[in-house]
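# Just a sequence and a predicted model for now, questions to come.
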Amino acid sequence: MTELKVLEGKKLTVIGYGSQGHAHTLNLKDLGMDLTVGLREGSKSWEEAEKAGVKVKKISEAVKDADVVMFLTPDEAQPAVYENHVKDNLKEGAYLGFAHGFNIHYKKIVPAGKVNVFMVAPKGPGHMVREIFEKGHGVPCLTAVYQDISGDTKEVADAWANGVGRKVGIIETTFKEETETDLFGEQAVLCGGVTELMQAGFDTLVEAGYNPEVAYFECVHEMKLIIDMVYEKGFAKMRDSISNTAEYGDYVTGKKIITDKTRETMKQVLGDIQNGQFAKEFIDETETGYKFMKGERSKYSDSKIEEVGSKMRQMVFKGSAKNHM
Ligand SMILES: NC(=O)C1=CN([C@@H]2O[C@H](COP(=O)(O)OP(=O)(O)OC[C@H]3O[C@@H](n4cnc5c(N)ncnc54)[C@H](OP(=O)(O)O)[C@@H]3O)[C@@H](O)[C@H]2O)C=CC1
Ligand SMILES: CC(=O)[C@](C)(O)C(=O)O
Ligand SMILES: [Mg+2]
Ligand SMILES: [Mg+2]
(Lines give C-alpha, C1' and ligand atoms only; values in the text may rest on other atoms or scores of the structure.)
(Ligands and ions follow the chains in the order given, each with its own letter.)
Protein backbone atom coordinates (compact mmCIF):
# COMPACT_ATOMS: atom_id res chain seq x y z
CA MET A 1 0.00 0.00 0.00
CA THR A 2 1.54 3.31 -1.00
CA GLU A 3 -0.15 4.93 1.98
CA LEU A 4 2.12 2.89 4.26
CA LYS A 5 5.34 3.93 2.56
CA VAL A 6 6.45 6.21 5.37
CA LEU A 7 6.42 3.22 7.75
CA GLU A 8 8.44 0.95 5.46
CA GLY A 9 11.97 0.38 6.70
CA LYS A 10 11.09 1.78 10.12
CA LYS A 11 11.24 -0.34 13.25
CA LEU A 12 7.72 -0.56 14.61
CA THR A 13 6.85 -1.50 18.18
CA VAL A 14 3.48 -2.02 19.81
CA ILE A 15 3.42 -2.05 23.62
CA GLY A 16 0.64 -4.32 24.88
CA TYR A 17 -1.17 -7.15 23.12
CA GLY A 18 -4.72 -6.76 24.42
CA SER A 19 -7.86 -5.53 22.69
CA GLN A 20 -6.22 -2.75 20.62
CA GLY A 21 -2.68 -4.19 20.76
CA HIS A 22 -3.48 -7.43 18.94
CA ALA A 23 -5.57 -5.58 16.34
CA HIS A 24 -2.93 -2.96 15.46
CA THR A 25 -0.19 -5.61 15.42
CA LEU A 26 -1.95 -8.23 13.32
CA ASN A 27 -3.53 -5.77 10.86
CA LEU A 28 -0.17 -4.12 10.14
CA LYS A 29 1.58 -7.51 10.04
CA ASP A 30 -0.92 -8.73 7.44
CA LEU A 31 0.03 -5.70 5.35
CA GLY A 32 3.67 -6.75 5.42
CA MET A 33 4.95 -4.50 8.20
CA ASP A 34 7.69 -5.75 10.50
CA LEU A 35 6.56 -5.31 14.11
CA THR A 36 7.80 -6.15 17.57
CA VAL A 37 5.47 -6.36 20.55
CA GLY A 38 6.72 -5.13 23.93
CA LEU A 39 5.33 -6.92 26.99
CA ARG A 40 6.14 -7.72 30.59
CA GLU A 41 7.81 -11.10 30.93
CA GLY A 42 5.86 -14.24 31.70
CA SER A 43 2.50 -12.69 30.85
CA LYS A 44 -0.40 -14.43 29.17
CA SER A 45 -0.35 -12.06 26.25
CA TRP A 46 3.34 -12.89 25.62
CA GLU A 47 2.29 -16.48 24.88
CA GLU A 48 -0.65 -15.33 22.73
CA ALA A 49 1.48 -12.97 20.65
CA GLU A 50 4.12 -15.63 20.03
CA LYS A 51 1.41 -18.09 19.03
CA ALA A 52 0.26 -15.56 16.42
CA GLY A 53 3.80 -15.47 15.03
CA VAL A 54 4.70 -12.04 16.38
CA LYS A 55 8.17 -11.13 17.70
CA VAL A 56 7.96 -10.34 21.43
CA LYS A 57 10.49 -8.60 23.66
CA LYS A 58 10.54 -7.01 27.10
CA ILE A 59 9.08 -3.50 26.87
CA SER A 60 12.41 -1.73 27.41
CA GLU A 61 14.08 -3.87 24.73
CA ALA A 62 11.24 -3.38 22.27
CA VAL A 63 11.36 0.40 22.71
CA LYS A 64 15.14 0.69 22.28
CA ASP A 65 15.94 1.24 18.59
CA ALA A 66 12.25 1.52 17.65
CA ASP A 67 11.31 4.33 15.27
CA VAL A 68 7.59 4.15 16.03
CA VAL A 69 6.17 3.02 19.38
CA MET A 70 2.41 2.57 19.69
CA PHE A 71 1.42 2.57 23.38
CA LEU A 72 -1.47 0.13 23.91
CA THR A 73 -1.54 -0.91 27.55
CA PRO A 74 -4.61 0.15 29.58
CA ASP A 75 -4.70 3.92 30.13
CA GLU A 76 -4.24 3.64 33.90
CA ALA A 77 -1.10 1.48 33.48
CA GLN A 78 0.58 3.80 31.00
CA PRO A 79 2.15 6.43 33.30
CA ALA A 80 4.17 3.87 35.31
CA VAL A 81 5.10 1.85 32.21
CA TYR A 82 6.23 5.09 30.53
CA GLU A 83 8.29 6.16 33.54
CA ASN A 84 9.92 2.76 34.17
CA HIS A 85 10.37 1.23 30.73
CA VAL A 86 9.71 3.70 27.92
CA LYS A 87 10.99 7.19 28.70
CA ASP A 88 14.71 6.48 28.89
CA ASN A 89 14.68 3.98 26.04
CA LEU A 90 12.98 6.13 23.41
CA LYS A 91 15.51 7.27 20.88
CA GLU A 92 15.70 10.86 19.74
CA GLY A 93 13.23 11.52 16.91
CA ALA A 94 11.12 8.45 17.65
CA TYR A 95 7.35 8.64 17.14
CA LEU A 96 5.29 7.79 20.23
CA GLY A 97 1.67 6.89 19.45
CA PHE A 98 -1.50 6.52 21.51
CA ALA A 99 -4.96 5.12 20.69
CA HIS A 100 -6.65 7.46 23.17
CA GLY A 101 -5.60 10.90 24.36
CA PHE A 102 -6.27 10.36 28.09
CA ASN A 103 -2.73 10.47 29.53
CA ILE A 104 -1.43 13.23 27.30
CA HIS A 105 -4.54 15.41 27.64
CA TYR A 106 -4.76 15.07 31.45
CA LYS A 107 -0.96 15.42 31.68
CA LYS A 108 -0.39 12.05 33.35
CA ILE A 109 2.39 11.55 30.80
CA VAL A 110 4.51 14.51 29.77
CA PRO A 111 6.59 13.20 26.89
CA ALA A 112 10.20 14.15 26.46
CA GLY A 113 10.82 17.01 24.02
CA LYS A 114 13.02 14.81 21.81
CA VAL A 115 10.16 12.66 20.51
CA ASN A 116 7.19 13.09 18.20
CA VAL A 117 3.77 12.33 19.68
CA PHE A 118 0.72 11.27 17.69
CA MET A 119 -2.58 9.46 18.02
CA VAL A 120 -4.45 6.90 15.97
CA ALA A 121 -7.75 6.18 17.71
CA PRO A 122 -9.87 3.56 15.95
CA LYS A 123 -13.55 4.25 16.52
CA GLY A 124 -14.31 0.70 17.55
CA PRO A 125 -13.46 -2.04 20.06
CA GLY A 126 -10.14 -3.76 19.26
CA HIS A 127 -11.71 -7.14 18.55
CA MET A 128 -13.96 -5.51 15.94
CA VAL A 129 -11.00 -3.56 14.50
CA ARG A 130 -9.42 -6.96 13.83
CA GLU A 131 -12.58 -8.83 12.77
CA ILE A 132 -13.71 -6.14 10.31
CA PHE A 133 -10.18 -5.91 8.86
CA GLU A 134 -10.12 -9.69 8.35
CA LYS A 135 -13.33 -9.37 6.33
CA GLY A 136 -11.56 -6.90 4.04
CA HIS A 137 -13.15 -3.74 5.46
CA GLY A 138 -11.95 -1.21 8.02
CA VAL A 139 -12.90 0.82 11.08
CA PRO A 140 -12.48 4.60 10.75
CA CYS A 141 -9.78 6.22 12.87
CA LEU A 142 -9.21 9.64 14.40
CA THR A 143 -5.66 10.96 14.11
CA ALA A 144 -3.92 13.79 15.92
CA VAL A 145 -0.45 15.21 16.36
CA TYR A 146 0.60 16.57 19.76
CA GLN A 147 4.30 17.10 19.21
CA ASP A 148 6.09 17.19 15.86
CA ILE A 149 9.84 17.61 15.94
CA SER A 150 10.57 15.71 12.73
CA GLY A 151 8.07 17.51 10.52
CA ASP A 152 6.33 14.38 9.23
CA THR A 153 4.43 13.10 12.27
CA LYS A 154 1.10 13.58 10.52
CA GLU A 155 2.28 11.30 7.68
CA VAL A 156 3.28 8.63 10.22
CA ALA A 157 -0.11 8.90 11.98
CA ASP A 158 -2.00 8.73 8.68
CA ALA A 159 0.01 5.72 7.52
CA TRP A 160 -0.62 3.89 10.80
CA ALA A 161 -4.34 4.68 10.57
CA ASN A 162 -4.49 3.60 6.92
CA GLY A 163 -2.93 0.29 7.89
CA VAL A 164 -4.93 -0.47 11.03
CA GLY A 165 -8.21 0.80 9.57
CA ARG A 166 -7.59 -0.34 5.99
CA LYS A 167 -7.94 3.14 4.45
CA VAL A 168 -11.48 3.66 5.68
CA GLY A 169 -12.00 7.33 6.59
CA ILE A 170 -9.50 9.22 8.69
CA ILE A 171 -10.67 12.28 10.59
CA GLU A 172 -8.11 14.71 11.94
CA THR A 173 -8.69 15.86 15.50
CA THR A 174 -6.81 16.99 18.61
CA PHE A 175 -5.90 15.05 21.75
CA LYS A 176 -8.39 17.22 23.66
CA GLU A 177 -11.28 16.64 21.27
CA GLU A 178 -10.68 12.88 20.99
CA THR A 179 -10.31 12.43 24.76
CA GLU A 180 -13.43 14.37 25.70
CA THR A 181 -15.69 13.02 22.95
CA ASP A 182 -14.50 9.43 23.37
CA LEU A 183 -15.10 9.46 27.14
CA PHE A 184 -18.48 11.13 26.67
CA GLY A 185 -19.57 8.71 23.94
CA GLU A 186 -18.64 5.55 25.80
CA GLN A 187 -20.23 6.72 29.06
CA ALA A 188 -23.41 8.45 27.93
CA VAL A 189 -24.26 6.61 24.74
CA LEU A 190 -22.30 3.56 23.56
CA CYS A 191 -21.62 1.64 26.74
CA GLY A 192 -23.26 3.21 29.80
CA GLY A 193 -26.31 4.66 28.02
CA VAL A 194 -27.11 1.66 25.86
CA THR A 195 -26.64 -1.05 28.50
CA GLU A 196 -28.76 0.81 31.07
CA LEU A 197 -31.46 1.40 28.44
CA MET A 198 -31.57 -2.30 27.53
CA GLN A 199 -31.47 -3.31 31.19
CA ALA A 200 -34.30 -0.95 32.13
CA GLY A 201 -36.46 -2.20 29.26
CA PHE A 202 -35.79 -5.84 30.17
CA ASP A 203 -36.52 -5.22 33.88
CA THR A 204 -39.76 -3.37 33.08
CA LEU A 205 -41.11 -6.30 31.04
CA VAL A 206 -39.93 -9.01 33.46
CA GLU A 207 -41.32 -7.17 36.49
CA ALA A 208 -44.65 -6.90 34.66
CA GLY A 209 -44.71 -10.71 34.42
CA TYR A 210 -43.60 -11.27 30.82
CA ASN A 211 -41.39 -14.20 29.81
CA PRO A 212 -37.73 -13.12 30.37
CA GLU A 213 -36.72 -14.83 27.12
CA VAL A 214 -39.21 -12.77 25.15
CA ALA A 215 -38.06 -9.65 27.05
CA TYR A 216 -34.42 -10.43 26.18
CA PHE A 217 -35.10 -10.82 22.48
CA GLU A 218 -37.12 -7.62 22.48
CA CYS A 219 -34.83 -5.33 24.48
CA VAL A 220 -31.32 -6.73 23.90
CA HIS A 221 -30.98 -9.12 20.98
CA GLU A 222 -32.91 -7.05 18.45
CA MET A 223 -30.91 -3.93 19.34
CA LYS A 224 -28.13 -5.07 17.01
CA LEU A 225 -30.50 -5.59 14.09
CA ILE A 226 -31.97 -2.12 14.41
CA ILE A 227 -28.55 -0.52 14.95
CA ASP A 228 -27.10 -2.41 11.97
CA MET A 229 -29.66 -0.65 9.79
CA VAL A 230 -28.75 2.75 11.24
CA TYR A 231 -25.05 1.90 10.75
CA GLU A 232 -25.52 0.86 7.14
CA LYS A 233 -28.24 3.24 5.95
CA GLY A 234 -29.00 5.93 8.53
CA PHE A 235 -32.01 6.79 10.70
CA ALA A 236 -34.42 7.43 7.83
CA LYS A 237 -33.86 4.08 6.12
CA MET A 238 -34.15 2.24 9.44
CA ARG A 239 -37.46 4.02 10.01
CA ASP A 240 -38.46 3.11 6.50
CA SER A 241 -37.92 -0.57 7.22
CA ILE A 242 -39.78 -0.75 10.54
CA SER A 243 -43.58 -0.77 10.58
CA ASN A 244 -45.52 2.50 10.66
CA THR A 245 -46.72 1.36 14.06
CA ALA A 246 -43.12 1.15 15.31
CA GLU A 247 -42.19 4.44 13.66
CA TYR A 248 -45.11 6.29 15.29
CA GLY A 249 -44.17 4.79 18.68
CA ASP A 250 -40.56 5.76 18.09
CA TYR A 251 -41.44 9.46 17.58
CA VAL A 252 -43.88 9.76 20.49
CA THR A 253 -42.15 7.58 23.09
CA GLY A 254 -38.43 8.19 22.46
CA LYS A 255 -38.68 11.72 23.84
CA LYS A 256 -40.50 10.48 26.95
CA ILE A 257 -37.51 8.21 27.69
CA ILE A 258 -34.67 10.59 26.78
CA THR A 259 -36.08 13.71 28.39
CA ASP A 260 -34.79 17.25 28.87
CA LYS A 261 -33.56 16.01 32.24
CA THR A 262 -31.50 13.30 30.51
CA ARG A 263 -30.02 15.91 28.18
CA GLU A 264 -29.21 18.09 31.21
CA THR A 265 -27.45 15.11 32.83
CA MET A 266 -25.48 14.55 29.62
CA LYS A 267 -24.22 18.14 29.89
CA GLN A 268 -23.13 17.51 33.49
CA VAL A 269 -21.36 14.30 32.47
CA LEU A 270 -19.55 16.22 29.73
CA GLY A 271 -18.64 18.96 32.23
CA ASP A 272 -17.03 16.43 34.57
CA ILE A 273 -15.01 15.05 31.67
CA GLN A 274 -13.92 18.55 30.60
CA ASN A 275 -12.89 19.67 34.08
CA GLY A 276 -10.95 16.48 34.86
CA GLN A 277 -13.29 15.25 37.62
CA PHE A 278 -14.07 11.97 35.83
CA ALA A 279 -10.37 11.30 35.16
CA LYS A 280 -9.59 11.88 38.84
CA GLU A 281 -12.36 9.55 39.99
CA PHE A 282 -11.26 6.82 37.56
CA ILE A 283 -7.63 7.02 38.67
CA ASP A 284 -8.72 6.95 42.35
CA GLU A 285 -10.76 3.82 41.55
CA THR A 286 -7.77 2.06 39.94
CA GLU A 287 -5.77 2.89 43.08
CA THR A 288 -8.28 0.98 45.25
CA GLY A 289 -7.51 -2.11 43.16
CA TYR A 290 -10.75 -1.61 41.14
CA LYS A 291 -12.95 -2.19 44.21
CA PHE A 292 -16.09 -0.64 42.72
CA MET A 293 -15.55 -2.12 39.26
CA LYS A 294 -15.06 -5.65 40.61
CA GLY A 295 -18.33 -5.34 42.54
CA GLU A 296 -20.17 -4.18 39.41
CA ARG A 297 -18.67 -6.98 37.29
CA SER A 298 -19.83 -9.70 39.66
CA LYS A 299 -23.26 -8.08 40.04
CA TYR A 300 -23.75 -8.15 36.28
CA SER A 301 -22.25 -11.59 35.70
CA ASP A 302 -24.78 -13.05 38.18
CA SER A 303 -27.71 -11.10 36.77
CA LYS A 304 -30.90 -12.44 35.23
CA ILE A 305 -30.28 -10.62 31.95
CA GLU A 306 -26.92 -12.39 31.47
CA GLU A 307 -28.34 -15.76 32.45
CA VAL A 308 -31.16 -15.44 29.91
CA GLY A 309 -28.78 -13.96 27.33
CA SER A 310 -26.44 -16.92 27.52
CA LYS A 311 -29.35 -19.29 26.84
CA MET A 312 -30.63 -17.15 24.00
CA ARG A 313 -27.21 -16.98 22.33
CA GLN A 314 -26.99 -20.76 22.36
CA MET A 315 -30.32 -20.86 20.56
CA VAL A 316 -29.43 -18.20 18.00
CA PHE A 317 -25.80 -18.97 17.24
CA LYS A 318 -25.79 -22.79 17.51
CA GLY A 319 -22.20 -23.74 16.75
CA SER A 320 -21.29 -20.41 15.16
CA ALA A 321 -18.12 -18.57 16.14
CA LYS A 322 -20.16 -15.59 17.39
CA ASN A 323 -21.05 -17.68 20.37
CA HIS A 324 -17.49 -17.59 21.62
CA MET A 325 -16.75 -13.84 21.50
N1 LIG B 1 -10.39 -1.48 24.12
C2 LIG B 1 -10.65 -0.80 22.99
O3 LIG B 1 -11.29 -1.31 22.09
C4 LIG B 1 -10.15 0.59 22.79
C5 LIG B 1 -9.07 1.06 23.49
N6 LIG B 1 -8.51 2.26 23.16
C7 LIG B 1 -7.31 2.68 23.87
O8 LIG B 1 -6.28 1.74 23.57
C9 LIG B 1 -5.38 1.63 24.69
C10 LIG B 1 -5.28 0.17 25.09
O11 LIG B 1 -6.53 -0.24 25.61
P12 LIG B 1 -6.99 -1.77 25.57
O13 LIG B 1 -6.60 -2.36 24.27
O14 LIG B 1 -8.40 -1.79 26.02
O15 LIG B 1 -6.04 -2.38 26.70
P16 LIG B 1 -6.03 -3.87 27.27
O17 LIG B 1 -6.55 -3.88 28.67
O18 LIG B 1 -6.68 -4.82 26.32
O19 LIG B 1 -4.44 -4.12 27.32
C20 LIG B 1 -3.94 -5.30 27.76
C21 LIG B 1 -2.48 -5.42 27.36
O22 LIG B 1 -1.70 -4.50 28.12
C23 LIG B 1 -0.74 -5.22 28.91
N24 LIG B 1 -0.62 -4.62 30.23
C25 LIG B 1 -1.60 -4.38 31.12
N26 LIG B 1 -1.12 -3.80 32.23
C27 LIG B 1 0.21 -3.70 32.03
C28 LIG B 1 1.27 -3.20 32.84
N29 LIG B 1 1.05 -2.66 34.05
N30 LIG B 1 2.53 -3.28 32.35
C31 LIG B 1 2.75 -3.80 31.12
N32 LIG B 1 1.80 -4.27 30.31
C33 LIG B 1 0.54 -4.22 30.77
C34 LIG B 1 -1.33 -6.62 29.02
O35 LIG B 1 -0.28 -7.51 29.22
P36 LIG B 1 -0.32 -8.62 30.39
O37 LIG B 1 -0.73 -9.88 29.70
O38 LIG B 1 1.06 -8.61 30.88
O39 LIG B 1 -1.33 -8.16 31.41
C40 LIG B 1 -1.96 -6.80 27.65
O41 LIG B 1 -1.01 -7.18 26.69
C42 LIG B 1 -5.96 2.56 25.75
O43 LIG B 1 -5.33 3.79 25.59
C44 LIG B 1 -7.44 2.66 25.38
O45 LIG B 1 -8.09 3.81 25.84
C46 LIG B 1 -8.97 3.02 22.13
C47 LIG B 1 -10.05 2.61 21.40
C48 LIG B 1 -10.79 1.42 21.75
C1 LIG C 1 -14.21 0.82 21.99
C2 LIG C 1 -13.99 2.24 22.19
O3 LIG C 1 -13.97 3.03 21.26
C4 LIG C 1 -14.02 2.76 23.54
C5 LIG C 1 -15.43 2.49 23.96
O6 LIG C 1 -13.76 4.13 23.48
C7 LIG C 1 -13.06 2.13 24.54
O8 LIG C 1 -12.99 0.88 24.63
O9 LIG C 1 -12.41 2.88 25.28
MG1 LIG D 1 -13.84 4.96 21.56
MG1 LIG E 1 -12.52 4.90 24.96
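Thanks, I have the structure now. This one's a predicted model, so the numbers in the text were calculated from it and none came from an experiment. Ligands and ions are numbered 1, 2, ... in the order given.

# what residues does the protein put near ligand 2?
123-125, 182, 186, 190-191 (Cβ under 6 Å from any ligand atom). Yep, even glycine has a C-beta here, placed from its N, CA and C like the rest.

# now, which of these lie within helices?
Among the residues of the chain next to ligand 2, the members falling in helices (DSSP state H) are D182.

# Relative to V69, which of the residues of the chain next to ligand 2 is nearest.
Nearest to V69, judged by Cβ to Cβ, of the residues of the chain next to ligand 2 is D182 at 21.0 Å.

# Next, the distance between the ends of stretch 72-90.
16 Å (Cα to Cα, to the nearest Å).

# Might you list the low-confidence residue ranges for the protein?
1-2, 319-325 (pLDDT under 70).

# any chance you could map the strands in it?
Ranges of strands within the chain are 12-15, 35-39, 55-58, 68-71, 95-98, 116-122, 141-147, 170-172, based on DSSP state E.

# What residues does the stretch 101-250 of the chain have near ligand 4?
Along the stretch 101-250 of the chain, the residues adjacent to ligand 4 under the rule Cβ under 5 Å from the ion are 182, 186.

# Where does the stretch 101-250 of the chain get nearest to ligand 4, residue-wise?
D182 (4.4 Å; Cβ to the ion).

# Run a quick neighbour tally on the residue nearest to that residue when sequence neighbours are not counted.
Once flanking residues are discounted, D182 sits nearest to H100: 6.1 Å by Cβ to Cβ, 6 or more residues apart in numbering. Look at H100: counted by other Cβ atoms under 10 Å, it has 22 neighbours.

# residues touching H100, list them.
75, 119, 121, 178-179, 182 (Cβ atoms under 8 Å, 6 or more residues apart in numbering).

# which of those tops the neighbour count?
Neighbour-wise, these (other Cβ under 10 Å) top out at M119, 28 neighbours.

# For ligand 1, see how far away it is.
Using Cβ to the nearest ligand atom, to the nearest Å, M119 is found at 9 Å from ligand 1.

# cool, and H85?
Going from H85 to ligand 1 by Cβ to the nearest ligand atom gives 8 Å.

# pretty sure that residue contacts V63?
Yes - taking Cβ atoms under 8 Å as the definition, H85 is a contact partner of V63 at 6.8 Å.

# Pull up the overlap in contacts between these two.
With Cβ under 8 Å, 6+ apart, H85 and V63 have common neighbours G38.

# These two: which is more packed in?
Ranked by neighbour count (other Cβ under 10 Å), H85 and V63 place V63 first, with 26 against 18.

# just to revisit the earlier point, just the buried ones out of the residues of the chain next to ligand 2, please.
For the residues of the chain next to ligand 2, a neighbour count by 16 or more other Cβ atoms under 10 Å gives the buried set as 123-124, 182.

# Of those, which is the nearest to P140?
The closest of those, once distances to P140 are taken by Cβ to Cβ, is K123, at 5.3 Å.

# Disregarding flanking residues, what is the spatial nearest neighbour of that closest one?
P140 (5.3 Å).

# Any idea how many residues pack against the one you found?
When neighbours are counted by other Cβ under 10 Å, P140 registers 15.

# Pull the contacting residues for it.
122-123, 165, 168-171.

# go again using 10 Å as the cut-off
Residues in contact with P140 (Cβ atoms under 10 Å, 6 or more residues apart in numbering) are 121-124, 161, 165, 167-171.

# Farthest pair within the residues you listed?
Of all pairs drawn from those, the greatest distance, 16.2 Å, lies between A121 and K167 (Cβ to Cβ).

# Identify the residues contacting the closest residue to ligand 1 within the chain.
Per Cβ to the nearest ligand atom, G18 is where the chain lies closest to ligand 1, at 2.1 Å. Applying Cβ under 10 Å, 6+ apart to G18 gives the contacts 39, 44-45, 48, 72-74, 126-127.

# again with E247
Counting by Cβ under 10 Å, 6+ apart, E247 touches 238-241.

# If you rank these by neighbours, which is first?
M238 (20 neighbours).

# That concludes my questions; thank you for your assistance.
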